[in-house]
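Colleague: Model the structure of this input:
(one chain, ligands or ions: 1)
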Amino acid sequence: MDLSTTIAGVRFPSCFMNAAGARCVTGDELDALGRSRSAAIVTKSMTLAPRDGNPEPRYYGFPAGSINSMGLPNLGYLAYARIIPELRKFGKPIIASVAGFSEEDFVIIAKVINESRPDLIEVNLSCPNIPGEPQIGYDPDVSARLLKRVRNVVSVPMGVKLPPYFDPAHQERMAQVLEGVGVQFLSLINSVGNGLVVNPDEERVAIKPKGGFGGLGGPLIKPVALANVRAFWKLFGGRLPIIGVGGVVNGTDAFEHFLCGASAVQVGTALVEEGLGVFERLENELAMLLARKGYASPLACRGNLKEL
Ligand SMILES: Cc1cc2nc3c(=O)[nH]c(=O)nc-3n(C[C@H](O)[C@H](O)[C@H](O)COP(=O)(O)O)c2cc1C
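Modeller: The predicted model follows:
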């Protein structure tokens, strides 16, 4: 079964890759992704300065999913600018995830990272903005201004990683913003923000930062991820490639993302929990499912979701 796919003109050897943040912070982790069956090497979202992140425990996995408040631990953009060219030897696409704490941060980082020639740049809009204001992706005006500025300094294909939206009006408004700035792919969705996981036996929260509040991932967010993939697929009439992210734990989850309109999927929680072997398992499960259903490739079923 040919599981290869294409995003913004870049060919991927398969349709499963790591999600930003999952086992992709250090040079060693990025090398390990290079050697694994991950279809691409997606970096941790990088900031201007290196960051240790929040105090531990800051990630907690449980059967229905995960909660985290990592606090963007990363090596800083200059380190990734040095590492990216070294990752070329693995012969697979490199996606640089760019973050920041101000508009200016994003522009500085994107400009330098663009010069290190990743295959694609994923702009992470699920970042804190001004204290007391929502994250950037929840502010369409700030998102538009920021993306226009980043677009001006980026020559490789540029995509946007969006937070989940829960109202069609917000999806429509963001689609207008994206249409206006020349975005070439979408990664949907980032963690479902500000969840709270409680341990009833211990009568306490599961993670230390922010009083236990954190971003949710894994199976419990799949319906939210599928809804956003489907909504943006429809809003763009299938013209804009979408990487589905959220709740991909088995081959059927990936198949559902493709039916909704995804061209590839990223794996976060399942990669953290299971390790790099997850990619081969997912490939096998999806290939078997597609063969059973008579599809020649993942793209053959893309967007085919039937409505009642
Ligand atoms: C430990 C951890 C760290 C993450 N760090 C980032 C990050 O740096 N940038 C980003 O865009 N998303 C980050 N995410 C979100 C994931 O990329 C993904 O969007 C989310 O977890 C949903 O996918 P999943 O259901 O497969 O976990 C992180 C998730 C986890 C679990």
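Colleague: Show me what from this protein comes close to the ligand.
Modeller: When proximity is defined as Cβ under 6 Å from any ligand atom, the chain approaches the ligand at 19-22, 44-45, 59, 66, 68, 70, 72, 97, 124, 126, 161, 190-191, 217-218, 221, 245-248, 267-270, 272. Placement of C-beta: from N, CA and C, glycine included.
Colleague: out of those, which are inside helices?
Modeller: T269, A270, V272 (DSSP state H).
Colleague: The first one and S126: what is the separation?
Modeller: This points to T269. Plainly put, T269 is 16 Å away from S126 if you go by Cβ to Cβ, to the nearest Å.
Colleague: ok, back up a step: I'd like to know which of the ones in helices among the residues of the chain next to the ligand is nearest to the ligand.
Modeller: Within these, proximity to the ligand (Cβ to the nearest ligand atom) peaks at T269, which comes in at 3.4 Å.
Colleague: Quick check: closest non-adjacent residue to the closest one.
Modeller: Excluding the flanking residues, the one nearest T269 by Cβ to Cβ, 6 or more residues apart in numbering is G218, at 3.7 Å.
Colleague: tell me the pLDDT at G247?
Modeller: The model reports G247 with a pLDDT of 98.
Colleague: related to what we said a few turns ago, looking at T269 and S126, which is more packed in?
Modeller: T269 (27 against 20; other Cβ atoms under 10 Å).
Colleague: Helices of the stretch 101-250 of the chain, start to end?
Modeller: With helices called from DSSP state H, counting those that start in this stretch, the stretch 101-250 of the chain shows them at 103-115, 140-153, 168-181, 222-235.
Colleague: how big is the angle separating the shortest one from helix 140-153?
Modeller: This points to helix 103-115. With axes from the mean of the first three to the mean of the last three Cα atoms, to 10 degrees defining the directions, helix 103-115 sits at 30 degrees from helix 140-153.
Colleague: How about the last one?
Modeller: Computed by the same axes, to 10 degrees, the angle separating helix 222-235 from helix 140-153 equals 70 degrees.
Colleague: Minimum distance to the ligand, which residue of the stretch 101-250 of the chain gives it?
Modeller: G217 (2.7 Å).
Colleague: likewise the chain?
Modeller: G21 (1.8 Å).
Colleague: tally of neighbours for that residue?
Modeller: 27.
Colleague: can you check E256 too?
Modeller: 21.
Colleague: Need the nearest residue in space to it, chain neighbours excluded.
Modeller: Using Cβ to Cβ, 6+ apart, the closest residue to E256 is L226 (5.9 Å).
Colleague: Report the contact partners of the one you found.
Modeller: Applying Cβ atoms under 8 Å, 6 or more residues apart in numbering to L226 gives the contacts G244, G246, G247, E256, H257, C260.
Colleague: of the residues you listed, closest to G76?
Modeller: G246 (27.6 Å; Cβ to Cβ).
Colleague: close enough to count as contact, that closest one and L220?
Modeller: No: checked against Cβ atoms under 8 Å, the pair G246 and L220 is beyond contact range at 9.6 Å.
Colleague: Compare the two (neighbour count), which wins?
Modeller: Neighbours per residue (other Cβ under 10 Å) separate G246 from L220, with G246 holding more: 33 against 19.
Colleague: what's the pLDDT at the closest residue to the more buried one other than its chain neighbours?
Modeller: Nearest residue to G246, sequence neighbours excluded (Cβ to Cβ, 6+ apart): A225, at 2.5 Å. The per-residue pLDDT reported for A225 equals 98.
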